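Asks: Fold the following and give me the result.
(chains A and B)
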Amino acid sequence: MLKHPKQRVLLVGGRVIDVASGIDRVTDILVENGRMIALGAEARAAAYDITENVSNCLVLPAFVDLCASLREGEKQHGSIASETKAAIYSGFAHVVLLPNPRLVIDNPAIVAQIQEKAASAGLAKVYPVGALTKGLEGKQPANMHALHQSGCIAVSNVREGMHNDETLLRCLEYAASLELTVFFYPEEPSLANGCAHDGFTASRLGLPSIPAVAETVALAKQLLLVEETGVRAHFGQLSCKSSVELIRIAKAKGLPVTADVAMHQLHLTDAAIDGFNSLAHVRPPLRSENDRLALCAAVQSGVIDAICSHHQPLNAAAKLAPFAATEAGISALETVLPLGLKLVRDGLLTEDVLWRALTVNPARIAGIPAGALAIGGGVIVVNPEFSWSVAPEHLVSAGHNTPFLGMMVQGKVLGAWL
Amino acid sequence: MHLSHAHTPSRLQLNPQGRLRHFLTTEGLSREQLTEILDFAESFLAPDGTITNQPLLAGRTVMNLFFEASTRTLTTFAVAAKRLSADVVNIDIAKSSNSKGETLRDMLWNLEAMTADVFVVRHSLSGAAHFIASQVTPKVAVINAGDGRHGHPTQGMLDMLTIRRHAGDFTKLTVAIIGDVRHSRVARSEIYALQTLGAKEIRIIAPRTLQPKDFQQLGVKVFERMEEGLEGADVVIALRIQNERMESPLLASPDEFYALYGLTPEKLRYANPNAIVMHPGPINRGVEIASEVADGAQSMILHQVNYGIAVRMAVLAMTMQGQLTTRGGN
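Replies: I've put the predicted structure just below:
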């Protein structure tokens, strides 16, 4: 998979796509150190160590994931080593790692530890997001300057609640004065005491539900505070049509906001949980067909900038319980590419929008040098027609918890030059 | 995107011959299957309404696994199993220590090794009986005795038996269900059964806080006022309001609920004069229902309890038989 990283390789006959520079043509490309150094006749004329025939394949900048859980420290589910390998096999050379209550990234020592483990794995690069508040407790700002200095690309309180609105306001002011981006995962805790979308399926199954307003009430408040403080803000894992509308209005006002959606939200609805299918138990929950189509349209129109994996590997036991007692999460990295290509085949996204949402846009949001062929963030070769079945024996991730298990999908990463 | 489900409840509870091998939900069963349960239950009832014993489960072990406390349902299942000559084991399980994950699976495997034939399961989480049937017990029949807000199918079927015996042909009946439908496993089991049995009209009467979201998609009519919802109803079912709802933002007070949705003699007059009145129990007198109505001539509440034993006998015997057929044994 990871190929000849130090060699100068000529990839011959592929379709080279780079939305950042507007390249999209069948040609040869010379790659060294994960970076395009020449194209076409110039590439063929240059000296190279080896050559690979990549005809019928796509040559793309490596993908950037704005949210993957790597489960470091929770060995029964996964680790930085296992999951950055899954990332590379899925085309992602850059993975943003969020803090969570089990991995509270609120001091530079933890950041260093994560970076060390990622470096020793030597696969995908891992970019920690620091905690917005100490211990993610929502009471006092974390040492954001130190976190930033140690390599955090942003700060976030993820889905942990804030003590009160004043604390949130002050934390955002503080982040703004440090010119940090804040990642938000909007969810009002008092409205989120459930495990499924508040719709027909949850009603039929009698599952406690999380209505879309749990997301929009929090999002609306956060957007008002973004407007008040001027802090740069990114809203992740949006799940409903009303959130799209709020982001659209915020962008029209000129607020410094961006947004992403998880790939599975563009494919599945709450119907997937029927039969108490815990593999489709995810948070935010899978919502209605209306929401799904609005999210797809928002990616196409650019209201939503990026598509993330929202990868959450879990061991088998985590899903073996009555539905509400199972852990939420989908092992998602390895299906992102085939599911994205399916959206293109289904006419919901154009191809350029898909690549933009997986490369240049998330790279810009994370503020990292990646997402374009000339930058040096890695080059991948994709066979868009390659059919494979989503089966445990084909998955690299330690987590096999995907609702797509048993499905035939199309599209596979054949190689990555980093 | 369409996902294939190996274990939707309706298929999971049938053996390859299409016979009941678990009883998890009334949803997805055919009219013939539901009618067979009712007919079989009725076969245990003598003309005077008393129940006849039959040794259909002699030598079999029925284990009652109640993860959630219940005196009435536990007792009726134990009585039903004993009337079938089964050995009955009641297992008291602390809710906190055994409610999830591998602990639950390990515990069930252990019980199964003690030659259990039937697990009667009560659990606070929706889908628990389904989970147990799908993941845990290849040799044991599982009967859902109430799972979270999802289902209480034997209660649903005893209510169907009550309706059939006292109100007649389902296709001519308008059935009104009053109260906390949102959190009620009983109401769900009743609604799915009533639909399959061809009830003319199914109505829910509840304030918006207690209505299940989007239930109109099932073809159920939703009313917020008693006088409208009860108009011409042939069967009136009042649901129990759990005490914890009264302490929540869902309701203002027991008194106000009674004033708006309590089934009083005055409100019952909106219904068909011959309407029967049902309640799954235990009753909160003066909250969901007035004593005059609960104890009145139209009330079927004590019949319901008696039919509950017959229905549970039928389901125990049928699932055991379906399980033996699945095993290919005798």
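Asks: Contact distance from chain B - what residues of the stretch 51-200 of chain A qualify?
Replies: Near chain B, the residues belonging to the stretch 51-200 of chain A are A:198-200 when assessed by CB under 8 Å from any CB of the partner chain. Where you see a C-beta, it was placed from the backbone N, CA and C, and this is true even at glycine.
Asks: among these, which are in helices?
Replies: Here DSSP state H is the test, and these give A:F200 as lying in helices.
Asks: how about the helices of the stretch 201-330 of chain B, start to end?
Replies: Under the criterion DSSP state H, counting those that start in this stretch, helices of the stretch 201-330 of chain B are mapped to B:226-230, B:243-246, B:254-261, B:265-268, B:291-294, B:301-327.
Asks: can you list the residues of the stretch 51-200 of chain A next to chain B in JSON lines and add neighbour count and pLDDT?
Replies: Output for these, formatted as JSON lines (neighbours: other CB atoms under 10 Å in any protein chain shown; pLDDT from 0 to 100):
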{"residue": "A:D198", "neighbour count": "24", "pLDDT": "97"}
{"residue": "A:G199", "neighbour count": "24", "pLDDT": "96"}
{"residue": "A:F200", "neighbour count": "18", "pLDDT": "96"}
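Asks: and the residues of the stretch 51-200 of chain A next to chain B as JSON lines, adding distance to A:D28?
Replies: Conversion of those to JSON lines gives the following (distance: CB to CB, whole Å):
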{"residue": "A:D198", "distance to A:D28": "53"}
{"residue": "A:G199", "distance to A:D28": "51"}
{"residue": "A:F200", "distance to A:D28": "53"}
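Asks: From the residues of the stretch 51-200 of chain A next to chain B, pick the one nearest chain B.
Replies: For chain B, the closest of those turns out to be A:F200, at 4.0 Å, with distances computed as CB to the nearest CB.
Asks: Ramachandran coordinates for the nearest residue to that closest one once chain neighbours are set aside?
Replies: Once its chain neighbours are removed from consideration, A:F200 has its nearest residue in B:D214; the separation is 4.0 Å (CB to CB, 6 or more residues apart in numbering or on different chains). The phi/psi pair for B:D214 (degrees, to the nearest 10) reads phi 60, psi 20.
Asks: in terms of contact, does B:D214 touch A:S209 like I think?
Replies: No: with the criterion set as CB atoms under 8 Å, B:D214 and A:S209 do not qualify as a contacting pair; they are 10.5 Å apart.
Asks: Neighbour count: the two, which is higher?
Replies: Set side by side, B:D214 and A:S209 give different neighbour counts by other CB atoms under 10 Å in any protein chain shown, the larger being at A:S209 (24 against 15).
Asks: Could you tell me the model confidence score at the more buried one?
Replies: Note for A:S209: predicted pLDDT of 97.
Asks: ok, now B:G328?
Replies: You'll see B:G328 listed with a pLDDT of 63.
Asks: Name all residues that make contact with the residue positioned nearest the centre of chain A.
Replies: The residue at the geometric middle of chain A, judged as the C-alpha nearest the mean C-alpha position with CA atoms, centre = their mean, is A:C308 (2.4 Å). In this structure, A:C308 makes contact with A:65-68, A:236-237, A:260-263, A:362, judged by CB atoms under 8 Å, 6 or more residues apart in numbering or on different chains.
Asks: give me phi/psi at A:Y127?
Replies: Main-chain dihedrals, A:Y127, degrees, to the nearest 10: phi -120, psi 100.
Asks: Show me which residues of the stretch 251-400 of chain A sit near chain B.
Replies: Residues of the stretch 251-400 of chain A found near chain B (CB under 8 Å from any CB) are A:267-268, A:272, A:274-277, A:280, A:317-318, A:320-325.
Asks: do that again at 10 Å, thanks
Replies: Residues of the stretch 251-400 of chain A lying close to chain B by CB under 10 Å from any CB of the partner chain are A:264, A:266-269, A:271-280, A:288, A:292, A:316-327, A:339, A:342, A:346.
Asks: Quick check on those: which are buried?
Replies: Neighbour-count burial (16 or more other CB atoms under 10 Å in any protein chain shown) is assigned, among these, to A:264, A:266-269, A:271-273, A:275-280, A:288, A:292, A:317-327, A:339, A:342.
Asks: And for A:E188, the neighbour number?
Replies: 18.
Asks: My guess is it contacts A:A212. True?
Replies: No: under the criterion of CB atoms under 10 Å, A:E188 is not in contact with A:A212, lying 11.0 Å apart.
Asks: which SSE is B:R188 in?
Replies: Assigned by DSSP states H and E, B:R188 falls within helix B:185-196.
Asks: Which strands and helices lie in contact with that helix?
Replies: In terms of contacts (3 or more CB pairs under 10 Å, 6 or more residues apart in numbering or on different chains; DSSP states H and E), helix B:185-196 is packed against helix A:200-205, helix B:31-43, strand B:141-147, helix B:153-166, strand B:174-178, strand B:201-205, strand B:235-238.
Asks: quick one, what contacts A:K221?
Replies: A:162, A:165, A:168, A:186, A:188 (CB atoms under 10 Å, 6 or more residues apart in numbering or on different chains).
Asks: Now distance to A:G230 too, for those residues, in TSV please.
Replies: Listed next are the contacts of A:K221 as TSV, based on distance: CB to CB, whole Å:
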residue	distance to A:G230
A:M162	19
A:D165	17
A:L168	15
A:P186	19
A:E188	24
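Asks: Can I get the buried part of these as one ChimeraX selection?
Replies: Typed into ChimeraX, the next command selects the buried ones out of these (criterion: 16+ other CB under 10 Å):
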select /A:162,168,186,188
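Asks: The helix holding B:R188 versus strand B:141-147: what angle between them?
Replies: When axes from the mean of the first three to the mean of the last three CA atoms, to 10 degrees is applied, the directions of helix B:185-196 and strand B:141-147 differ by 120 degrees.
Asks: Of the helices of the stretch 201-330 of chain B, which shows the lowest average pLDDT?
Replies: Taking each of the helices of the stretch 201-330 of chain B in turn, the one with the lowest mean pLDDT is helix B:243-246, at a mean of 80.
Asks: mean confidence for the longest helix anywhere in chain A?
Replies: Of all the elements of type helix in chain A, the one with the most residues (DSSP H) is helix A:213-229. Within the predicted structure, the mean pLDDT of helix A:213-229 is 98.
Asks: returning to what we had before: which of the contacts of A:C308 has the most neighbours?
Replies: Neighbours here are counted as other CB under 10 Å. On that basis the top member of these is A:L66, with 32 neighbours.
Asks: what about it, distance to chain B?
Replies: 22 Å (CB to the nearest CB, to the nearest Å).
Asks: Now do the contacts for that residue.
Replies: Contacts of A:L66 were listed using CB under 10 Å, 6+ apart, and they are A:94-96, A:98, A:127, A:129, A:153-154, A:183, A:234, A:236-237, A:258-260, A:262, A:305-310, A:358, A:361-363, A:365-366.
Asks: And for A:E334?
Replies: Contact criterion CB under 10 Å, 6+ apart gives A:86-87, A:89-92, A:309, A:311, A:388, A:390, A:394-397, A:399, A:402, A:404, A:409, A:412-413 as the residues in contact with A:E334.
Asks: Could you list every helix and strand in contact with the helix or strand where A:V64 lies?
Replies: Secondary structure here is read from DSSP H and E; on that basis A:V64 sits in strand A:63-65. Applying 3+ CB pairs under 10 Å, 6+ apart, one finds that strand A:63-65 contacts strand A:92-97, strand A:125-128, strand A:306-308, helix A:336-345, helix A:351-358, helix A:360-366.
Asks: can you pull the contacts of the nearest residue in space to B:F215 that is not next to it in sequence?
Replies: If you skip the residues right next to it in sequence, B:F215 has A:S203 as its closest partner in space, 5.6 Å away by CB to CB, 6+ apart. Residues near A:S203 by CB under 10 Å, 6+ apart: A:196, A:209, B:149, B:181-182, B:188, B:211-215, B:217-218.
Asks: Throw these into CSV and include distance to A:Q76, thanks.
Replies: Converted to CSV, those look like this (distance: CB to CB, whole Å):
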residue, distance to A:Q76
A:A196, 25
A:S209, 29
B:R149, 31
B:V181, 40
B:R182, 36
B:R188, 36
B:Q211, 41
B:P212, 37
B:K213, 36
B:D214, 38
B:F215, 40
B:Q217, 40
B:L218, 41
